[in-house]
Structures are given as structure tokens and as C-alpha cells.
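Visitor: here is my input, please return the structure:
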Amino acid sequence: MQISRDWATPLTIGAFILMACTGLLMFFHADTGLNKEAHEWLGWALVAGVAAHVIANWMAFSRHLKRPGALVIIGAFVLMLSASFFIQEEGEGGNPMRKASEAVLQAPLSAVAPLAHRSPDALLAQLQQAGFKVNSTEQTLISITGPERDAQFKALSLIFR
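Guide: Just a heads-up that it's a prediction; the model follows:
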């Protein structure tokens, strides 16, 4: 199967326009409606379009990989991507939702219960019923769930239904 530039290039351009616009809107906190969801889900169209575009234009693409300047630019972006997995946010900035989640996870059940409009004993029973090992309402959520994100999300979902 040969990939045609007649559709690969327009797909790439259209998906890029969508990603650029929704990305800028989110960056400046001006997104509305389904902008964020469109950015996340329709981003796959950009991935598909770029893959098809690269395949359709493989000869030209491979020439770029032979140029030192191009390799430096590509390498810089790969390095930034790698760093984004390891560098932690600190200080005043950062994701407030992540900070709020971490604060709730570090708090004992007795402090989390009022946020969920429940009694500490009700939360203890609910978590025990869901299979978590809870001995006291003074245990922190992180000590109940452990470091696994799936367990943390499960507990938070149970508490804040």
C-alpha cells in the first residue's frame, strides 16, 4: 500500500492547526467547551498524519537525518522530552490539581472526611469494603494506598463520588 501525499499532507496540516490552536488556548487558559478533549483525542490525528507524511516523503525525510544541524535540533527536542519525565515541579508554580491531590493523600482520613461530606468512620468502612487495609481514621491516604497511582486514584474516586 502506497501512502499518498494527496491526503497525508492535508491531514498533517489540518491536525497541526487543531493542535496548535487548542494548545495555545489551553496554555493561556482560554479554552472552552471541548477544546481540551479535542486536543487530547484528536492529537492522534496529528500522530497518524505525521507518520503518513513521513512515509510518503521518506526520501526527503531521510536526507534531513544526514544533516548535523537537523540532528542537533531533533536531539534537543528528544532531550527536552526526556527531561520532562524526570524534572519535578517545585515552588509557587506547578499543577494546582496535582498539589491538591498530594495534600489530600498526605492527610489522615479524619481530615479528608469533612471534604467529602462524610464521617471518618464512614470513609474507613467504605475503604475497607473496597479491599483497602485501614486500621484507623488517623491513617493517611498514602499509607493506605501505597505509592501506586492506580490505588490512589481508586481510593480518591471512592471518597469523592
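
Visitor: and the gap between the closest residue to V50 other than its chain neighbours and R5?
Guide: Nearest residue to V50, sequence neighbours excluded (C-beta to C-beta, 6 or more residues apart in numbering): T12, at 5.7 Å. From N, CA and C alone the C-beta is placed, and that goes for glycine too. Distance of T12 to R5, given as C-beta to C-beta, to the nearest Å: 10 Å.

Visitor: find residues that contact each of these two.
Guide: H53 (C-beta atoms under 8 Å, 6 or more residues apart in numbering).

Visitor: give me the more crowded residue out of the two.
Guide: Using other C-beta atoms under 10 Å, the more surrounded residue of T12 and R5 is T12, with 22 against 12.

Visitor: got phi/psi on the more buried one?
Guide: phi -60, psi -50 (degrees, to the nearest 10).

Visitor: one more: T140?
Guide: Residue torsions, per degrees, to the nearest 10, at T140 are phi -80, psi 160.

Visitor: tell me who's in contact with it.
Guide: Counting by C-beta under 8 Å, 6+ apart, T140 has contacts 105-109.

Visitor: go on, H64?
Guide: Counted by C-beta under 8 Å, 6+ apart, H64 has contacts A70.

Visitor: that one and L46, how far apart?
Guide: Distance, H64 to L46, by C-beta to C-beta: 19 Å.

Visitor: same check, this time on Q88
Guide: Relative to L46, Q88 is positioned 28 Å away (criterion: C-beta to C-beta).

Visitor: of those two, which one has the most company?
Guide: Legend: neighbour count by other C-beta under 10 Å for Q88 and L46, higher for L46 (20 against 5).

Visitor: downstream of the lowest-mean-pLDDT helix or strand in the chain, the next helix or strand is which one?
Guide: Lowest mean confidence among the helices and strands of the chain (mean pLDDT, DSSP states H and E): helix 96-106, at a mean of 86. Scanning forward in sequence from helix 96-106 by DSSP states H and E, the next helix or strand is helix 109-112.

Visitor: that following helix packs against which elements?
Guide: helix 120-129, helix 141-145 (3 or more C-beta pairs under 8 Å, 6 or more residues apart in numbering; DSSP states H and E).

Visitor: one step back: residue contacts, the residue nearest to V50?
Guide: 46, 49-50, 52-53.

Visitor: now do H39
Guide: H39 is in contact with 18-19, 22-23, 26, 31, counting by C-beta under 8 Å, 6+ apart.

Visitor: so which strand or helix has it?
Guide: Assigned by DSSP H and E, H39 falls in helix 35-56.
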